[in-house]
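Chemist: Fold the following and give me the result.
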Amino acid sequence: MAKKPTNQFAPKRSYRAIFWSLGLLLAAVAAFFVHRYRDILAMRWYRTVGQLPSEEKSQAPAPDAAKWKLLCNDLQRWREHYAARYRQANTAAQKKVVINEARELLEHSLPEIMRCWLGTPWDFNGTATNPGEGKIACGYFVTTVLEGAGFRIERTALAQQASQQILRTFLPQDDLRIRVGVPYKTFRFETTRGKPGIYLVGLDTHVGFVVVKNQEFQFIHSSGSQPWCVVDESSELALVLERSNYRVLGNITGNDEVVRRWLLGEKFPTQR
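Modeler: Numbering: from 1, shown residues only. Presented below is the predicted three-dimensional model:
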């Protein structure tokens, strides 16, 4: 009986089929992740090369000086209303109720006031007092927003302090959370699972606001890197926050004494 001829190329074809299958599988997985995280990848590319797609550029927010003045004036009227109620309160429990209501007012109003500045250009020496009318540095953005919201501060002197001193102007040392060399993933988890509120955050050479709500946070700051303006970034896209080795965080609306002093118009002396 004649021997059945062998196919010496069969193993090679088998391996080739396996490689093709693996390649197709990897391509499918890559396509899934690119589609799933396309917005994040696009923004990371933008942060790297500084170029937004035309559609995103057209959607970029513009500074709104008129809304800024309207919101600041409205908050001032509400602050005076709650201040009168606080002074009329006869018990600590009644005063606590007013403090809690004033805290809710601040936590609702402050982010909207900050966002009036979105798109205002950054400059290391920027000292603008109104959105879009000049340029603004990170420290001046923080102090200008707080002053506009009714905090009695030394806007210029405070803006020129190191970030931790800016936080210490409002909060005692024990209320600050300092993290050095902590992975951003850990910092992000701690912050999103922390108490909601308006935080000040100081970095290696930067300062801004972190708004914590519903186990997520937004980083609102005058960015000294792309796109070189005031921005509102989700925790996933806050690359300046992510890259910093040093982070100090303090919840200004979570502190009853801060809210009380703001309510009554008491001065916050600059810590130097």
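Chemist: Just the C-alpha atoms of the helix or strand Phe209 falls within, please, in CSV.
Modeler: Taking DSSP states H and E as the criterion, Phe209 maps to strand 207-213. Below are the C-alpha coordinates for strand 207-213, written out as CSV (Å, rounded to 0.1, in the frame of the first residue of the first chain):
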residue,chain,number,x,y,z
VAL,A,207,-2.9,76.3,43.3
GLY,A,208,-6.6,75.9,42.3
PHE,A,209,-10.0,74.6,43.3
VAL,A,210,-11.2,71.1,43.6
VAL,A,211,-15.0,70.7,43.7
VAL,A,212,-16.0,67.3,45.2
LYS,A,213,-19.6,66.1,44.6
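Chemist: Next SSE downstream of that strand?
Modeler: Scanning forward in sequence from strand 207-213 by DSSP H and E, the next helix or strand is strand 216-222.
Chemist: Give me the angle between that following strand and strand 207-213.
Modeler: For strand 216-222 against strand 207-213, the angle by axes from the mean of the first three to the mean of the last three Cα atoms, to 10 degrees is 160 degrees.
Chemist: what's downstream of strand 216-222, the next helix or strand?
Modeler: Heading C-terminal from strand 216-222, the first helix or strand you meet, by DSSP H and E, is strand 230-234.
Chemist: Rounded mean pLDDT for that next one, please.
Modeler: For strand 230-234, mean pLDDT rounds to 98.
Chemist: Over to stretch 265-272?
Modeler: According to the model, stretch 265-272 has a mean pLDDT of 96.
Chemist: same thing with stretch 105-123?
Modeler: 98.
Chemist: before we move on, the earlier item: neighbouring strands - and their directions - for the strand holding Phe209?
Modeler: Using DSSP bridges, the strands paired with strand 207-213 in its sheet are strand 197-202 (antiparallel), strand 216-222 (antiparallel).
Chemist: nearest to Val248, of the ones you listed?
Modeler: Checking the strands paired with strand 207-213 against Val248 by Cβ to Cβ gives strand 197-202 as the closest, at 4.4 Å. For every residue, glycine as well, the C-beta is placed using N, CA and C.
Chemist: That closest one: how far from the chain's middle?
Modeler: Distance of strand 197-202 from the chain centroid (Cα atoms, centre = their mean, to the nearest Å) equals 8 Å.
Chemist: contacts for it?
Modeler: For strand 197-202, the external contacting residues (Cβ atoms under 8 Å, 6 or more residues apart in numbering) are 103, 106-107, 110-111, 142, 162-164, 166-167, 170, 191, 207-212, 217, 219, 241, 246-254.
Chemist: Would you confirm that Arg155 contacts Gly148?
Modeler: No. Counting by Cβ atoms under 8 Å, Arg155 sits too far from Gly148 to count as a contact (9.5 Å).
Chemist: on that earlier part again, buried subset of the contacts of strand 197-202 as a ChimeraX selection?
Modeler: To isolate the buried subset of the contacts of strand 197-202 in ChimeraX, counting by 16 or more other Cβ atoms under 10 Å, use the following:
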select :103,106,107,110,111,142,163,164,166,167,170,191,207,208,209,210,211,212,217,219,241,246,247,248,249,250,251,252,253,254
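Chemist: So which of the contacts of strand 197-202 sit within helices?
Modeler: Secondary structure from DSSP state H places Arg103, Leu106, Glu107, Leu110, Pro111, Val142, Ser163, Gln164, Ile166, Leu167, Thr191, Leu241 of the contacts of strand 197-202 in helices.
Chemist: can you pull the contacts of the second one?
Modeler: Read that as Leu106. Contacts of Leu106 by Cβ under 8 Å, 6+ apart are Ala149, Ile198, Thr253, Val259, Trp262.
Chemist: Over to the fourth one?
Modeler: For Leu110, the contacting residues are Val145, Ala149, Ile198, Phe209, Val211, Thr253, by Cβ under 8 Å, 6+ apart.
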